[in-house]
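In: coords please:
(one chain, ligands or ions: 2)
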Amino acid sequence: MLVVPTSKRFLKRSFDKTTYKFADKLELVVNDEFGIYVHIPFCRALCNFCPFYKEPYDFGKCSKYVDAIVSEIEKSSIEGKASWVYFGGGTPNMLTVHQLAKIKDAIQKKVKVDSIGIELLPDVLTPEYIRELRLAKFTKVSIGVESLNKEVLRGTGRMTPGRKEIANLVKEVKYRGLWVNLDFMIGLPGQDKKSFLDDIGAAMEMDPSQVTIYPFIEMGKVKTQDAMPDKDQYMAIEEASQILMKAGYARTGIWAFSKGNDVYDLLRDELANDCFGFGPGAFSICGQQKIVNPDLEVYLKDFKDGKSRGFVTDITEEINDWQKFARKLYDMDFTDTSKFVKEPKKVINLLKKSGFISKDGKLTDKGIIYAHDISKMIMESQPYPLRDTEKVENYEEYQKLKN
Ligand SMILES: C[S@@+](CC[C@H](N)C(=O)[O-])C[C@H]1O[C@@H](n2cnc3c(N)ncnc32)[C@H](O)[C@@H]1O
Ligand code: SF4
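Out: Ligands and ions are numbered 1, 2, ... in the order given. Sure, this is the predicted structure:
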């Protein structure tokens, strides 16, 4: 049995079984450990590589959105202490810091929080905005650099802040005492290994707290054209990892490299424990239930009508097990596999026999390439009801609300 096709087949089969129903949301039960994700769906312009749920910025919709999300948070069952809080998007910095602070205050009226992270688009980021974020007590920022090569960026529909502009923003963020991650991508059209490694070298000179490198994720209609083959993207990340580790960064996940103990990694944290997602398109996973919020139009309509509906599915034991497998793969650590059952257990045994996992439970070189490939596949293949509408049993009921 070949381990890569076998695990992909198992995973695909378990994703294929997932179906959603558009229904009233049940109140989620809060466990000891949970995180909070706030989705801000607005963007200034839409980048052609981005498969995430977003809408063009609209002033009127944006202020209605703030009222709706504050109400969603107030009505939610969150209590106790949140292990992590991230504001992501879309582009959180399309909102004013005053609007962000309203959302943040609504969360902090209900739960204790140690730190709050926020994703920022450099094209619309100013020193004044960074200063205000600090005053509003955000603690970590993640800047979407993607590439420092103007030609590459031009092909994506994104604006093209250069090295100097990004370096100045990082300087300002550090001056304000904020922790900073820089996001890079590999596999963008026109990007080659040299320009990517040059970017990583330039990032080292800026000395951020963390660097995250994503291979190009293809979801729905978003596909790469004229891009490096997947395997070459993974190999380029491995070359970058040597540069980063030499510069004192520790690998905290397959795609994340951090200095010190702190990490900004929504991908990893969402796999680790329960998560409450607020805002249009955000998902919550709590115990046996997963709920995905509707898009902005239905979200605002439901807020106006005093309703609270979403796409609901059960997390089966099988899915739960694959989720844990994905987390271990992302962490590159299979030291303790005693709790796995059925198919993940078979795959893990196969990975050990085929030399992907060493005797001490760590991934070998070929195990690391496998971790890239399967993590990417998991991101690409998990059904998302706003995109994979055939996975929603009663999609016509949702559709009716949109006419
Ligand atoms: C969704 S964006 C939000 C932050 C902000 N809007 C920005 O673009 O900088 C967060 C990160 O997702 C990553 N991303 C977006 N599209 C991707 C894709 N197709 N494959 C891999 N990563 C992607 C980028 O690294 C980006 O910084
Ligand atoms: S990458 Fe960021 S700015 Fe571009 S469309 Fe996606 S969320 Fe918006």
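
In: partner residues bridging the closest residue to ligand 1 within the stretch 1-150 of the chain?
Out: Of all residues in the stretch 1-150 of the chain, the one sitting closest to ligand 1 is Gly144 (1.8 Å; Cβ to the nearest ligand atom). For every residue, glycine as well, the C-beta is placed using N, CA and C. On the basis of DSSP bridges, Gly144 is bridged to Asp183.

In: dump the residue contacts of it.
Out: Neighbour list for Gly144: 119-122, 183 [criterion: Cβ atoms under 8 Å, 6 or more residues apart in numbering].

In: report the helix or strand with the lowest average pLDDT across the chain.
Out: helix 266-272 (a mean of 81; mean pLDDT, DSSP states H and E).

In: quick check, pLDDT for the residue of the stretch 1-150 of the chain closest to ligand 1.
Out: Note for Gly144: predicted pLDDT of 97.

In: got it, and Met1?
Out: We have a pLDDT of 63 for Met1.

In: all the helices of the protein, residue numbers only.
Out: Residue ranges of the helices in the chain, as given by DSSP state H, are 3-16, 59-75, 97-110, 127-135, 150-154, 163-175, 193-206, 230-246, 266-272, 296-304, 317-331, 342-353, 365-381, 395-401.

In: least reliable of these by average pLDDT, please.
Out: Among the helices of the chain, helix 266-272 carries the lowest mean pLDDT, at a mean of 81.

In: what helices or strands is that one leaning on?
Out: Taking 3 or more Cβ pairs under 8 Å, 6 or more residues apart in numbering; DSSP states H and E as contact, the helices and strands that helix 266-272 lies on are strand 34-40, strand 84-89, strand 250-253, helix 317-331.

In: give me the distance from that helix to the chain's centre.
Out: Relative to the chain's own centre, helix 266-272 is displaced by 8 Å; criterion: Cα atoms, centre = their mean, to the nearest Å.

In: can it be found next to ligand 2?
Out: No: residues of helix 266-272 are not located near ligand 2 by Cβ under 6 Å from any ligand atom, the shortest gap being 13.0 Å.

In: Lys150 reaches Arg163, doesn't it?
Out: No: contact criterion Cβ atoms under 8 Å: Lys150 and Arg163 do not qualify, at 9.7 Å.

In: let me know the closest of the contacts of Gly144 to Gly157.
Out: Among the contacts of Gly144, Leu121 lies closest to Gly157 (Cβ to Cβ), at 12.6 Å.

In: what's near enough to touch the residue nearest to the closest one when sequence neighbours are not counted?
Out: Spatially, and ignoring its direct neighbours in sequence, Leu121 is nearest to Thr91 (4.6 Å; Cβ to Cβ, 6 or more residues apart in numbering). Contact partners of Thr91, counting by Cβ under 8 Å, 6+ apart, are 40, 42-44, 54, 57, 119-121, 124.

In: could you do Asp321 as well?
Out: Neighbouring residues of Asp321 by Cβ under 8 Å, 6+ apart: 340-344.

In: end to end, how far does stretch 284-300 reach?
Out: Length of stretch 284-300, first residue to last, Cα to Cα, to the nearest Å: 18 Å.

In: stretch 258-271 too?
Out: End to end - Cα to Cα - stretch 258-271 spans 19 Å.

In: thinking again about what came up before, can you add distance to ligand 2 and give the helices and strands packed on helix 266-272 back as CSV?
Out: Below are the helices and strands packed on helix 266-272 laid out as CSV (distance: least, Cβ to the nearest ligand atom, whole Å):
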stretch, distance to ligand 2
strand 34-40, 9
strand 84-89, 5
strand 250-253, 20
helix 317-331, 21
